[in-house]
Every structure is written in C-alpha cells, then in structure tokens.
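K.L.:
build me a model from this:
(one chain, ligands or ions: 1)
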Amino acid sequence: MHRHRIASGARCAQSFVMSSVIWFAITPGVLLFGQSDPGPRPGPPAAGRPLPGLTPTELATFQAGLQRFTRVDTVSTGLGPRFNSNSCVSCHSQPIAGGSSPSLHSPQNPQVNPQIAVATLAGATNTIPSFVQPDGPVVAVRFVNNSDGTPDGGVHDLFVISGRTDAGTCNIIQPDFAGALAANNLILRIPTPLFGAGLMEAIPDGAILANQTANAAQKAALGISGTPIEAPTMAPSRASDGKPRTRACWCSQVRRTTWRSA
Ligand code: HEC
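P.N.:
The predicted model follows:
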C-alpha cells in the first residue's frame, strides 16, 4: 500500500502526532564570531515546552502528542516489520523530546546511540551496520539508486522485527547495507529538531495559497515564484479544495509506510 504523509519525518506516518503537538518556536540569530564550534549549548533546554497561553484543549492536545512521541512501541502497537527505532523520542531527544539526535556528548542528557540497543531488543537478531556507532548520531538511510540503476532516494529501514519475541513467524530480512556502503549507494540523514513544527502545521492551506498569489507584480519583478507541494496523505485534507499540502521538507517526499504497517 502506498501511503504518504504530510510534513513529517523518518517516523512520520502518524500525522496526528505532529499536527497535534505545538512545539516551542526557537529563534535563530546567533552570530558567528570565531571559527571554533562551541558545541551543544549547556544549561536547561530552552525549547520543547508548550507555548504559553494555550487553551486547556490545546494543552491537553500537546500533552497527548508528547505522550505518543515518547511511547516505546512494540509489534502490537505498530513496530515493524521494518523499523529504524521504537520511539520518536529515541531519535529526537537532544536537548529534550522533540529535538535532534541523542549524543554521548550532550551537555544535558548524554546517551549511547539508542539504535545499538534497539537492534537486538526483545530477541531481535539484527546486524548493526558499520555506520551506526555507539558514539555516533542516530541515522536514517536512503539509497541513491535501486539495484536496477533507477533512482531510489527512499528511506530503507535499518532493522527488522524477525527474532523478537513479539514477531511471531515473521522472518523478513534486513537490506544489504554493507553492499550499499561498498557501492557508495548510501545517504545518511540525522534527525532534525521538530521545535516549531506544530506552528508550521497550524498554517492553514488557505494562507499558503493566498501568499502564493499576494504581491504578484513585485514578485514577478524580483523573479520570485513557487508552487505549494501537494502530497498524498493519510490525514484528511484541511484545504477547501480537498488537496493535502505539505509544510515541511523531506518527509513529504518519501513513503512512510513502515511505522504503522505491521
Ligand atoms: C530512527 C530515528 C527516528 C525516529 C524513531 C523518528 N525520527 Fe523523525 N526524523 C529522523 C530523521 C533522520 C529525520 C530527517 C529525515 C531526512 O532528512 O531525511 C527526521 C525528521 C523528522 C521530521 C521532519 C522535520 C522537518 O523539518 O522536515 C518530523 C516532523 C519528524 N521527524 C517527526 C517524527 C515523529 C513524529 C516520530 C515518531 C512517530 C519520529 N520523527 C521518529 C529520525 C527519526
């Protein structure tokens, strides 16, 4: 079955999760004064909480989204048959739930890459690919090309549920990551932080369309143009014309079938 999803990530099959989560917006604008990277900022996280001033319903929705985000899945709750990890927060946790990849070097919450443990959790017998390291970032893998040379670009989940105590007779096998690495056919991606993604989800489709047509003369003079991306989605469209439109980037472009397809 070919299911797509709007505005979400390597585990973004659950549209309700992100559209129901209102993450703190973060403000970019730090100037670079030197050439040395100070690394992750120490101190308490300044993101990941609900916006101030939410209604009780909005706050409850945020909490429900956060609960779903931190839930650890098993086969009965939707893990597999292929997967990259068993919880959103296992990959999006630096410096707090909704963030980027966990790291051993985190000032707030140092962690071994959770993909190491999840590979053999509950009896699973996965081979851990060489590019998944205990002190490295969480990764999601795409292949450049299919084996017949045609373009691929899609995510190939690292692990399978085979061998897990809850997997029944499932004996699906992992893709050949060593071969793909040797063939230089891998694209590795690390988790983007999701803070503020709820605010992007809250932009009505009508506003996107109105922005497209606004100030047409000035935009034409400056050569500015764009097309709202439409993507098949599991969620009902909120647009008056019934077309689902995406707001974020990568997740909209690939199949997201694995998280809920067991
Ligand atoms: C195995 C690690 C992993 C897990 C588990 C995971 N993600 Fe992600 N997520 C990623 C990676 C890697 C990216 C970046 C994808 C890319 O660039 O191709 C990403 C990107 C995203 C994005 C896109 C952000 C943007 O700006 O485009 C969203 C939204 C997202 N994830 C939500 C979720 C949700 C919700 C869950 C749980 C249902 C989840 N993720 C679980 C690794 C993970």
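
K.L.:
okay, helices next: where are they in this protein?
P.N.:
15-20, 56-70, 88-91, 114-118, 177-182, 197-201, 205-213, 216-222 (DSSP state H).

K.L.:
of these, which is nearest the ligand?
P.N.:
helix 88-91 (2.7 Å; Cβ to the nearest ligand atom). No exception for glycine: its C-beta is placed from N, CA and C like everyone else's.

K.L.:
mind giving me the packing neighbours of that closest one?
P.N.:
Contacts defined by 3 or more Cβ pairs under 8 Å, 6 or more residues apart in numbering; DSSP states H and E place helix 88-91 against helix 56-70, helix 114-118.

K.L.:
distance from it to the middle of the chain?
P.N.:
9 Å (Cα atoms, centre = their mean, to the nearest Å).

K.L.:
repeat that for stretch 203-223.
P.N.:
The answer for stretch 203-223 is 28 Å, by Cα atoms, centre = their mean.

K.L.:
please apply the same query to stretch 134-150.
P.N.:
Using Cα atoms, centre = their mean, the offset of stretch 134-150 from its chain centre is 15 Å.

K.L.:
same thing with stretch 112-119?
P.N.:
17 Å.

K.L.:
next one: stretch 199-216
P.N.:
23 Å.

K.L.:
end to end on it, go ahead and measure it.
P.N.:
26 Å (Cα to Cα, to the nearest Å).

K.L.:
from the helices of the chain, which stretch is densest packed?
P.N.:
Comparing those by mean neighbour count (mean count of other Cβ atoms under 10 Å), helix 88-91 ranks first with a mean of 24.

K.L.:
can it be said to contact the ligand?
P.N.:
Yes - using Cβ under 6 Å from any ligand atom, helix 88-91 comes into contact with the ligand via 88, 90, 91.

K.L.:
just send the helices and strands packed on helix 88-91 back as a markdown table, with mean pLDDT and distance to the ligand too.
P.N.:
Compiled in a markdown table, the helices and strands packed on helix 88-91 are given as follows (pLDDT from 0 to 100; distance: least, Cβ to the nearest ligand atom, whole Å):
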| stretch | mean pLDDT | distance to the ligand |
| --- | --- | --- |
| helix 56-70 | 93 | 6 |
| helix 114-118 | 98 | 7 |
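
K.L.:
a markdown table for the ones you listed, including distance to residue 178?
P.N.:
Below are the helices and strands packed on helix 88-91 laid out as a markdown table (distance: least, Cβ to Cβ, whole Å):
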| stretch | distance to residue 178 |
| --- | --- |
| helix 56-70 | 32 |
| helix 114-118 | 16 |
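
K.L.:
among those helices, which is nearest residue 212?
P.N.:
Distance to residue 212, taken as Cβ to Cβ, is lowest for helix 56-70 among these, at 28.0 Å.

K.L.:
flag the shaky bits of the stretch 51-200 of the chain, pLDDT-wise.
P.N.:
Within the stretch 51-200 of the chain, no range satisfies pLDDT under 70.

K.L.:
the ligand contacts on that one?
P.N.:
Counting by Cβ under 6 Å from any ligand atom, the stretch 51-200 of the chain sits next to the ligand at 84-85, 88, 90-92, 138, 140, 189-192, 194, 197.

K.L.:
please report which of the residues you listed has the highest neighbour count.
P.N.:
residue 88 (30 neighbours; other Cβ atoms under 10 Å).

K.L.:
thought that one was touching residue 66?
P.N.:
No - assessed by Cβ atoms under 8 Å, residue 88 is found out of contact with residue 66, at 9.7 Å.
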